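Chemist: Fold the following for me, if possible:
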Amino acid sequence: MRMIKDYRAITNGKYRLVCNVLIPIILGVILALIDIGVRKYYVTAVMLGVGAALMTAIEVMADYWGFGAICVKGCLGMDYLKTSTKGKAMLRNALTADLLVRPARIAICMVIVAVPYEIMVGNPVRLLCLSILLTADISVWALSITRYVQNVQVMSLLSMLSSGASGAAVIYITISSGLQKFTWLIVAALAVLLPVGIYVTRRHMYRKVEASYLDMD
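Modeler: Numbering: from 1, shown residues only. Just a heads-up that it's a prediction; the model follows:
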């Protein structure tokens, strides 16, 4: 598929291996082992919250090293693509693929974390959907802000704030008796927000790519 080929051409192989495979699997296994060791329902909720927080932080910071402040004029860092007639299409495909990969790698981590819950308690679908969608939504929607940030310290601050919000929300919704009955409603809202976020962010990124070729703001 052309989109995948362009994504692989634009992004570094080590970046893809670490962010798309190693981090989700290793983080998921570590949190799952902690859950198995404690064997309590509320620990699973906490581990999913911790997983959501850490994956959110990683998503924000990893993007800084993957695509950087590409929305800032003159900071695209990929001017070599302008020498090719296919450069613009390649970058657009890579940006789209990146948006689609995010929910997948988040899901890998959360599914691994939820395995002990399924073994010890029961069906983890409700908790899984909540943690995956909430984390993916923050990861996607945050790009319209973080891809304007050139300072690594500011990016680190945004990473901490977004991860705190993500983790706290998952834990609170999961353990709150008042919100548990509304979990599926919250999941439904998050499920709608994710494709909307992908569409809006993609259009925003495309406009910035076009502007970089036209030397416009």
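
Chemist: Tell me the helix or strand right after the lengthiest helix in the chain.
Modeler: Secondary structure of the chain per DSSP state H: the longest helix is helix 87-120. Following helix 87-120 in sequence order, the next helix or strand is helix 125-141 (DSSP states H and E).

Chemist: low-scoring stretches of this structure, by residue?
Modeler: 39-42, 73-87, 118-122, 212-217 (pLDDT under 70).

Chemist: try 80 this time
Modeler: 1-3, 6-7, 9-12, 37-45, 64-91, 116-124, 176-178, 180, 208-217 (pLDDT under 80).

Chemist: What ranges does it have for its strands?
Modeler: Assigned strands in the chain: none (criterion: DSSP state E).

Chemist: so Arg202 makes contact with Asn93?
Modeler: No: Arg202 is beyond contact range of Asn93, at 10.7 Å (criterion: CB atoms under 8 Å). For every residue, glycine as well, the C-beta is placed using N, CA and C.

Chemist: Show me what counts as buried in the longest helix of the chain.
Modeler: 87-88, 90-99, 101-103, 105-117 (16 or more other CB atoms under 10 Å).

Chemist: do stretch 195-206 as well
Modeler: Gly197, Ile198, Thr201, Arg202, Met205.

Chemist: Tabulate those residues (TSV), appending distance to Tyr15.
Modeler: Shown next, in TSV, are the buried residues of stretch 195-206 (distance: CB to CB, whole Å):
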residue	distance to Tyr15
Gly197	22
Ile198	20
Thr201	19
Arg202	20
Met205	18
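
Chemist: Provide a list of residues in contact with the residue sitting nearest the centre point of the chain.
Modeler: Nearest residue to the geometric centre of the chain (CA atoms, centre = their mean): Ser139, 3.7 Å. Taking CB atoms under 8 Å, 6 or more residues apart in numbering as the criterion, Ser139 is in contact with Met55, Thr56, Glu59, Val60, Arg102, Pro103, Ile106.

Chemist: Identify the residue spatially nearest to Arg8, adjacent ones excluded.
Modeler: Distance criterion CB to CB, 6 or more residues apart in numbering; nearest residue to Arg8, sequence neighbours excluded, is Arg16 at 7.1 Å.

Chemist: I'd like to know how far the one you found sits from Asp98.
Modeler: 10 Å (CB to CB, to the nearest Å).

Chemist: now the helices for the chain?
Modeler: For the chain, the helices defined by DSSP H occupy 2-10, 13-17, 23-38, 41-66, 87-120, 125-141, 143-146, 152-175, 177-180, 183-214.

Chemist: among the ones you listed, which is nearest Val72?
Modeler: helix 183-214 (8.7 Å; CB to CB).

Chemist: Other residues contacting stretch 185-196?
Modeler: Pro103, Arg126, Cys129, Leu130, Leu133, Leu134, Ala136, Asp137, Val140, Trp141, Ile173, Leu179.

Chemist: ok, now which ones touch the last one?
Modeler: With contacts defined as CB under 8 Å, 6+ apart, Leu179 is in contact with Tyr172, Ile173, Ile186.

Chemist: Now do it against Arg207, distance only.
Modeler: 37 Å.
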